[in-house]
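> Build me a structure from this.
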Amino acid sequence: MAAASRSSDMFDEIVMAEERFHGEGYQEGYAEGSHAGAVEGRRYGSLHGAKIGSEIGCYLGFALTWQCLLQKCTDEKNSKKIRALDSLIGMIQKFPYEDPTYDKLQEDLEKIRGKYKQVCSMLNIQSDFRTGSERSSLTF
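As a prediction, the model looks like this:
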């Protein structure tokens, strides 16, 4: 009976080994995948955040420059342009670019882009903001 019991235990160990190795492999794979996902997520977040920061910074520099240029002009036509520039600057200053969990980040970014295009139209300037390998500049 002892030999049969040992043979049964060996057989159970062989059967259970497959399950054990499967479980260990799953845990190792899950840990490796989680680590790789976190690294990839950080890299993507940094790149995407840098693009948004560059875009917003460009809009702010553009608006502040035009605000300064139009300060001396006091006619009604230019006061509308100045009000639009002030509105764009205000939107940018309120933009929570430091909070990636802000639920209306994309919505507010689209509003800023729309206001920027409106200001460009009022100033008779073609708006063309490109980032990355395309070109990183505004063209006038």
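
> wait, residue 81 sits on residue 70?
Yes - counting by C-beta atoms under 8 Å, residue 81 touches residue 70, with 5.8 Å between them. C-betas here are computed from N, CA, C, even on glycine.

> Name the next helix or strand downstream of the top helix by length along the chain, please.
Identified as the longest helix of the chain according to DSSP state H is helix 2-70. Using DSSP states H and E, the helix or strand that follows helix 2-70 towards the C-terminus is helix 76-94.

> where does the protein have its least confident helix or strand?
Lowest by mean pLDDT, DSSP states H and E among the helices and strands of the chain is strand 137-138, with a mean of 51.

> elements contacting the longest helix of the chain?
In terms of contacts (3 or more C-beta pairs under 8 Å, 6 or more residues apart in numbering; DSSP states H and E), helix 2-70 is packed against helix 76-94, helix 105-122, strand 129-130.

> Go through those and name the closest to residue 29.
helix 105-122 (33.2 Å; C-beta to C-beta).

> Show me what counts as buried in the closest one.
108-109, 112, 115-116, 119-120, 122 (16 or more other C-beta atoms under 10 Å).

> and it, what does it pack onto?
By 3+ C-beta pairs under 8 Å, 6+ apart, helix 105-122 packs against helix 2-70, helix 76-94.

> Pick the most deeply packed of the ones you listed.
helix 76-94 (a mean of 15; mean count of other C-beta atoms under 10 Å).
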